[in-house]
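Enquirer: below are the sequence and a predicted model; questions follow.
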Amino acid sequence: MAITNDARLRLAKRTGIGLRLPHIAEVVATRPPVGWLEIHPENFLANPHALELLADLARDYPVSVHTVGISIGSADDIDRTHLTRLRALVDRLNPALVSGHLPGRFTAGTI
């Protein structure tokens, strides 16, 4: 987990919501009074239009990027292409928080 020193982090004292693709158009249109938005970047990396809408929202809301697709600690090699795409998204959004799941399976000696 990494916390940026972005001043928007102070706004995150309010309740946030998980932003899912089926709801992004409504959130863009209504700008609900929430403190922050949590996203799974994998949903947006595969959808350029949703990514544009998310970038618009990131100008008004602190964003928490919670990845579920990184391969750090897995028995497989690190997916450097995915990490590069994730880094570009983080650079673009300037999120208040970046976190991720470690994979559920490990090989002997990796923990």
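Expert: Arrived safely, thanks for sending.

Enquirer: can you pull out the helices in this protein?
Expert: 24-30, 41-45, 48-58, 80-93 (DSSP state H).

Enquirer: got the CA coordinates for the second one in PDB?
Expert: It stands for helix 41-45. Provided in PDB are the C-alpha atoms of helix 41-45 (Å, rounded to 0.1, in the frame of the first residue of the first chain):
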ATOM      1  CA  PRO A  41      -7.900  -0.500 -12.300                       C
ATOM      2  CA  GLU A  42      -8.300  -3.700 -14.300                       C
ATOM      3  CA  ASN A  43     -11.900  -2.700 -15.100                       C
ATOM      4  CA  PHE A  44     -10.800   0.600 -16.500                       C
ATOM      5  CA  LEU A  45      -7.600  -0.500 -18.300                       C
END
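
Enquirer: give the buried residues for it.
Expert: Under the neighbour-count criterion of 16 or more other C-beta atoms under 10 Å, helix 41-45 has 41, 42, 43, 44, 45 buried. C-beta here means a position set from N, CA and C on the backbone, and glycine is covered the same way.

Enquirer: for the longest one, same thing?
Expert: Taking 16+ other C-beta under 10 Å as the neighbour-count basis, helix 80-93 is seen to contain the buried residues 82, 85, 86, 89, 90, 93.

Enquirer: so which of these comes closest to residue 15?
Expert: Taking C-beta to C-beta as the measure, residue 15 lies nearest residue 93 of the buried residues of helix 80-93, at 20.0 Å.

Enquirer: enumerate every residue touching the most centrally placed residue in the chain.
Expert: Nearest to the geometric centre of the chain sits residue 65, at 1.9 Å (C-alpha atoms, centre = their mean). Residue 65 is in contact with 38, 39, 41, 86, 89, 90, 93, 95, 97, 98, 99, counting by C-beta atoms under 8 Å, 6 or more residues apart in numbering.
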